[in-house]
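> here are the coordinates; sequence isn't available:
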Ligand SMILES: Nc1ncnc2c1ncn2[C@@H]1O[C@H](COP(=O)(O)OP(=O)(O)OP(=O)(O)O)[C@@H](O)[C@H]1O
C-alpha cells in the first residue's frame with residue numbers, strides 16, 4: 001500500500017512541541033493512511049514519546065497542525081481525541097498495580113455498544129483471560145503490555161498509538177505482540193507505533209520513518225525497507241548519539 005492509495009487518517013503539518021517552553025519536536029510533518037501501519041524509529045531521546053503524546057493530546061502543539069479524520073484536532077483535549085477514536089498505549093503501560101485485569105477491562109469498556117468488548121480482547125490475548133483475577137502488580141511485563149493494548153482497544157479506536165510496545169520484553173513475547181498488531185492491521189486498524197529500531201516493526205509496517213533529535217530525517221515504504229533496510233539503518237547510524245537542539249531559554 002502506498003500513502004496515496006487510501007484516505008489519510010492522521011496528518012501532521014509542521015508540528016513542534018516540547019517541555020517548559022523548549023522544543024523536543026521540530027516541525028514534524030507526517031501522513032498516516034487509513035488502515036496502514038506507520039512505524040517511527042529513533043534512538044533514546046529522539047522524540048518518539050514527545051510525538052506520540054502530542055498526537056494523543058497530552059502535550060500541547062506549540063506550532064503546526066494535527067488533523068485526524070479530516071478534522072483539525074490541534075487544540076482538542078486528550079479525552080475528546082480519545083472519544084473521536086484515538087487510542088493511546090503509552091510507554092511504560094500505565095497499568096494500575098492494585099486493581100485486577102477484569103477491573104481494568106471493565107473500567108475501559110464504558111461504551112457497551114462499542115464493537116470491542118472484554119470477550120473480544122481476551123480472544124485476541126488469551127493469556128489475559130487466564131489472569132483476570134490478578135492485580136496489575138502481579139502481571140509480567142508482557143501481560144501488562146497486553147492489558148495496556150486491550151484497554152485501548154476497548155475504547156474502539158480507529159487509530160492506535162503505541163509507544164515502544166515491546167520495550168523490555170522477551171523475544172517470544174515481542175513476536176506475540178507483533179503477531180497481534182499484524183492481525184489488527186489486517187482487520188483494518190490504523191496504527192502509529194514507535195520503536196528504537198526497525199527490527200520487529202519492519203514486518204508489519206506500510207511505512208517507516210526515522211526520527212532524530214526531534215526531526216524526521218528519513219521516510220520509506222515498508223516494502224522498500226523489507227527489500228533493503230540499509231537506508232533506514234544508515235539514517236539511524238548517522239543520527240546515533242545526536243542530541244535534540246537546545247532552544248534559547250528552553
Ligand atoms: N518531561 C520532560 N521534561 C523535559 N524534557 C523532556 C521530558 N520528557 C522528555 N524530554 C526530553 O525531550 C527529548 C525527547 O524525549 P522523548 O522521551 O520524546 O524521546 P524518546 O525517543 O521517546 O526516547 P526514549 O526511547 O528514551 O523514550 C529528550 O531530550 C528528553 O530529554
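Great, that's in hand. For clarity, every value in this text was computed on a predicted model and none was experimentally measured. Residues are numbered from 1 along each chain as shown.
> around the closest residue to residue 183 other than its chain neighbours, how many other residues sit close by?
Distances taken as CB to CB, 6 or more residues apart in numbering place residue 124 nearest to residue 183, at 7.3 Å, with adjacent residues excluded. For the C-beta atoms, the positions are set from N, CA and C on the backbone; glycine is no exception. For residue 124, the tally of surrounding residues (other CB atoms under 10 Å) stands at 15.
> which residues are in contact with residue 124?
The contact partners of residue 124, by CB atoms under 8 Å, 6 or more residues apart in numbering, come to 150, 153, 180, 183, 184.
> for this protein, which residues are neighbours of the ligand?
The chain has residues 19, 24, 42, 44-50, 91, 196, 244 near the ligand, with proximity defined as CB under 6 Å from any ligand atom.
> redo that, cut-off 5 Å
Residues of the chain lying close to the ligand by CB under 5 Å from any ligand atom are 19, 24, 44, 45, 46, 47, 48, 49, 50, 244.
> show me how to select, in PyMOL, the buried members of those.
Selection of buried members from these for PyMOL, criterion 16 or more other CB atoms under 10 Å:
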select buried, resi 24+45+46+47+48+49+50+244
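> confidence-wise, which of the residues of the chain next to the ligand comes last?
Model confidence across the residues of the chain next to the ligand bottoms out at residue 244, which has 50.
> if I pick the residue sitting nearest the centre point of the chain, what's in contact with it?
Nearest residue to the geometric centre of the chain (CA atoms, centre = their mean): residue 162, 2.3 Å. With contacts taken as CB under 8 Å, 6+ apart, residue 162 has the following neighbours: 89, 149, 181, 191, 192, 193, 194.
> so what's the residue lying closest to residue 122 once chain neighbours are set aside scoring on pLDDT?
Closest residue to residue 122 apart from its sequence neighbours, by CB to CB, 6+ apart: residue 129 at 4.0 Å. Listed pLDDT for residue 129 reads 94.
> which SSE is residue 129 in?
helix 126-130 (DSSP states H and E).
> quick one: residues in contact with whichever helix or strand comes after that helix.
Sequence order places helix 141-153 as the next helix or strand after helix 126-130, per DSSP H and E. With contacts defined as CB under 8 Å, 6+ apart, helix 141-153 is touched by 87-90, 93-95, 101, 104-105, 108, 116, 120-122, 124-125, 127-128, 131, 134, 136, 139, 160, 162, 165-166, 168-170, 173, 176-177, 180, 184.
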